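# Fold the following for me, if possible:
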Amino acid sequence: MKLLDKWWVSLFIYLWAILFVIGFEISRIYNQYVLYIALAAGVLVFVSIVYQLSKKRWLKAVAGIMLSFGITVTGIVVIFLAGAFNSVTKGNTNALDTTYYKAEFEDHTRLPFPTSAKILVKDETAQGFGFENEFDAHCLIRLSKAEYQQLLSSINADPEFSRDNTAPDFSGTVLAGKVKAADFSASYSHDDPGYSWYAVSFHEDGERVALKVSTY
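This is a model prediction of the structure:
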């Protein structure tokens with residue numbers, strides 16, 4: 001009970017746990033153990049406050065409630081602002097280079113990136129402020145008609161890709177001003193559970209292909 005008597009110790013532990021959570025979030029590193037530590041520290045603070053109330057130490061209990069609430073709110077605000085800053089600085093800035101799109105294409109399709117492919121436009125859009133750094137990355141490429149047909153046949157025959165009946169969604173990206181979603185005659189998607197979702201959409205002109213990767 002000595003630890004509970006020293007009510008400020010539990011708050012100090014909780015403060016450091018929240019600081020670690022904030023540090024990991026700003027560094028874009030997801031570590032569930034840090035969250036567990038913060039949760040355990042929060043439980044310790046709660047038990048400490050209940051103990052102070054049971055001993056009718058009203059001033060210490062109120063101080064514990066106010067300080068723990070302030071630490072929690074401050075942590076949430078800092079994490080939100082970090083996410084907002086990340087969204088502003090990364091969203092729609094073409095931050096991802098060609099190598100990224102090539103690697104994602106080859107990883108999901110298990111095919112070599114088409115030699116005739118020319119990237120027309122690319123766009124990265126942050127979509128969330130969560131611990132997992134969620135974002136969408138779009139890319140529009142132009143292929144030779146032969147490689148277009150070859151890719152279409154390969155994707156269509158791949159059992160890990162599913163045919164989507166809905167038109168691709170380019171709203172909020174630079175692709176919206178380059179192509180019309182309705183002009184894509186076929187769209188296929190592949191889900192990598194727990195990590196990312198990948199889509200390949202084929203334009204009816206027989207040359208342009210839209211690629212999209214969504215992390216979650």
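# from here on, contacts and neighbour counts on C-alpha atoms
OK.
# show me where pLDDT drops low in this structure?
1-5, 27-31, 83-96, 124-134, 194, 216 (pLDDT under 70).
# Packing partners of the helix ranked longest in it?
For the chain, the helix with the greatest residue count under DSSP state H is helix 58-90. The helices and strands touching helix 58-90, judged by 3 or more C-alpha pairs under 8 Å, 6 or more residues apart in numbering; DSSP states H and E, are helix 7-26, helix 32-54, strand 118-126.
# what's the helix or strand following it in contact with?
Per DSSP states H and E, helix 58-90 leads on to helix 98-109 as the next helix or strand towards the C-terminus. Residues outside helix 98-109 that contact it (C-alpha atoms under 8 Å, 6 or more residues apart in numbering): Leu111, Pro112, Phe113, Ile119, Cys139, Ile155, His190, Tyr198, Leu211, Val213.
# again with stretch 192-202
108, 152, 168, 184-191, 208-216.
# Which ones among the residues you listed lie within helices?
Counting by DSSP H, the contacts of stretch 192-202 place His108, Leu152 in helices.
# Show me which of the contacts of helix 98-109 are buried.
Among the contacts of helix 98-109, those buried by neighbour count (16 or more other C-alpha atoms under 10 Å) are Phe113, Ile119, Cys139, Ile155, His190, Tyr198, Leu211, Val213.
# any idea how far the residue lying closest to Leu111 once chain neighbours are set aside lies from His138?
Nearest-residue entry for Leu111: Phe105, 7.5 Å, with adjacent residues in sequence omitted and distances by C-alpha to C-alpha, 6 or more residues apart in numbering. As judged by C-alpha to C-alpha, to the nearest Å, Phe105 and His138 stand 12 Å apart.
# so what sits against both of those two?
Leu211.
# now His138, what's its secondary structure?
strand (DSSP: H, G, I helix; E, B strand; the rest coil).
# Give the burial count for it, as a bare number.
23 (other C-alpha atoms under 10 Å).
# Please report how far it lies from His203.
15 Å.
# Who are the contact partners of the closest residue to Phe184 other than its chain neighbours?
Once flanking residues are discounted, Phe184 sits nearest to His203: 4.0 Å by C-alpha to C-alpha, 6+ apart. Applying C-alpha under 8 Å, 6+ apart to His203 gives the contacts Asp183, Phe184, Ser185, Ala186, Val209, Ala210.
# residues in contact with the fourth one?
Residues near Ala186 by C-alpha under 8 Å, 6+ apart: Arg163, Asp164, Asn165, Ser201, Phe202, His203.
# Out of those, which sit inside strands?
Per DSSP state E, strands hold the following members of these: Arg163, Asp164, Ser201, Phe202, His203.
# Pick out whichever of the residues you listed sits closest to Leu11.
Proximity of the ones in strands among the contacts of Ala186 to Leu11 (C-alpha to C-alpha) peaks at Asp164, which lies at 51.5 Å.
# Which members of the contacts of stretch 192-202 come out as buried by neighbour count?
Among those, those scoring as buried are 108, 152, 168, 184, 186-191, 208-216 (criterion: 16+ other C-alpha under 10 Å).
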